[in-house]
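Engineer: need a structure here:
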Amino acid sequence: MDYYRPGAERGAADFGWLHSKHTFSFGGYYDPKHMGFSVLRVINDDYVAAGAGFDTHGHRDMEIISYITEGAIEHRDSMGNHFVVPAGEVQRMTAGTGITHSEFNASKSQPLRFLQIWIKPKFTGLKPGYEQLKLAQTSALTPLVTPDGHAGSLTIHQDAAIYRLRLAAGQEQVLTTAARYGYLHLVRGSALVDGRELQAGDGLGYSEAKTVSVSATRNDFEALWFDLPAVPN
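Structural biologist: Prediction:
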């Protein structure tokens, strides 16, 4: 383990309608020790009040993934897309040469929680694009986004992949990095990772060949596993 990011020490933003935790430097939160990991630049854990959301704003040259854990997002963008993305689904937006979009809590009574993830693309100036996927309800390591869209996953314009890991109490999963980088972000529950007890919001990064043992010890557990290229942060 080369990088440890305790969830309790993440950056924070509170706008009333939005409560956000920032794993890496973002917006008004800056920490030179936490600027990203490999091509992974943003993991924001966002809680959005009922009926509220992000007004229309722009992005360029970034792969933006939204992983919804509670509630649903209403998404609109300058490509003409208008979709509702509920919990259990994931969306990928390629900002490329430029895109504007808005994201609102689709409910007037229930809160929304989602992870906003930014990954640097392999190339700049890409054509903007959008994809959305309903995930299979399994306890296995499930691909969310991959470079080639294998196993029904969304595609990403980078030599990187994101997997959802779900374990029931007592189950174990072994992850490998080989000659690549790996990053584990805990979404729910707690787990024993290489002998270290981790809680929701914690993150671990690996920048050398490693076999990582993950065990759900006391409760059901959910995490995202990032398979990343071996490049400096």
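Engineer: run a quick neighbour tally on Lys122.
Structural biologist: With neighbours defined by other CB atoms under 10 Å, the count for Lys122 comes to 15. (C-beta placed from N, C-alpha, C; glycine too.)
Engineer: just the pLDDT for it.
Structural biologist: Looking at Lys122, its pLDDT stands at 95.
Engineer: ok, and it, which helix or strand is that part of?
Structural biologist: Lys122 is part of no helix or strand when elements are defined by DSSP states H and E.
Engineer: would you agree it is in contact with His157?
Structural biologist: Yes - the pair Lys122 and His157 passes the contact test of CB atoms under 8 Å, sitting 5.7 Å apart.
Engineer: what strand or helix carries the nearest residue to Phe226 once chain neighbours are set aside?
Structural biologist: Distances taken as CB to CB, 6 or more residues apart in numbering place Tyr183 nearest to Phe226, at 4.1 Å, with adjacent residues excluded. Using DSSP H and E, Tyr183 sits in strand 181-188.
Engineer: may I see the buried residues of that strand?
Structural biologist: For strand 181-188, burial by neighbour count (16 or more other CB atoms under 10 Å) applies to 181-187.
Engineer: and stretch 132-145, by the same measure?
Structural biologist: Neighbour-count burial for stretch 132-145, counted by 16+ other CB under 10 Å, picks out 132-133, 135, 141-145.
Engineer: dump those into a markdown table; add secondary structure, pLDDT and distance to Ser109 as well.
Structural biologist: Output for the buried residues of stretch 132-145, formatted as a markdown table (DSSP: H, G, I helix; E, B strand; the rest coil; pLDDT from 0 to 100; distance: CB to CB, whole Å):
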| residue | secondary structure | pLDDT | distance to Ser109 |
| --- | --- | --- | --- |
| Gln132 | strand | 95 | 24 |
| Leu133 | strand | 93 | 26 |
| Leu135 | coil | 87 | 25 |
| Leu141 | strand | 90 | 34 |
| Thr142 | strand | 93 | 30 |
| Pro143 | strand | 94 | 33 |
| Leu144 | strand | 95 | 28 |
| Val145 | strand | 97 | 31 |
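Engineer: which among those residues gets closest to Asp202?
Structural biologist: The shortest approach to Asp202 among the buried residues of stretch 132-145 belongs to Leu141, at 18.7 Å (CB to CB).
Engineer: list phi and psi for Pro86.
Structural biologist: Backbone geometry at Pro86, expressed as degrees, to the nearest 10, gives phi -90, psi 170.
Engineer: give me the pLDDT value at the closest residue to it other than its chain neighbours.
Structural biologist: Nearest residue to Pro86, sequence neighbours excluded (CB to CB, 6+ apart): Ala72, at 4.0 Å. Confidence at Ala72, expressed as pLDDT, is 97.
Engineer: what does the pLDDT read for the residue nearest to Gly11 when sequence neighbours are not counted?
Structural biologist: Nearest non-adjacent residue to Gly11, counting by CB to CB, 6+ apart: Tyr29, 3.2 Å away. With respect to pLDDT, Tyr29 scores 96.
Engineer: thinking again about what came up before, ok, now how distant is the residue nearest to Pro86 from Glu89?
Structural biologist: Distance of Ala72 to Glu89, computed by CB to CB, to the nearest Å: 8 Å.
Engineer: next one: Pro128
Structural biologist: According to CB to CB, Pro128 stands 20 Å off from Glu89.
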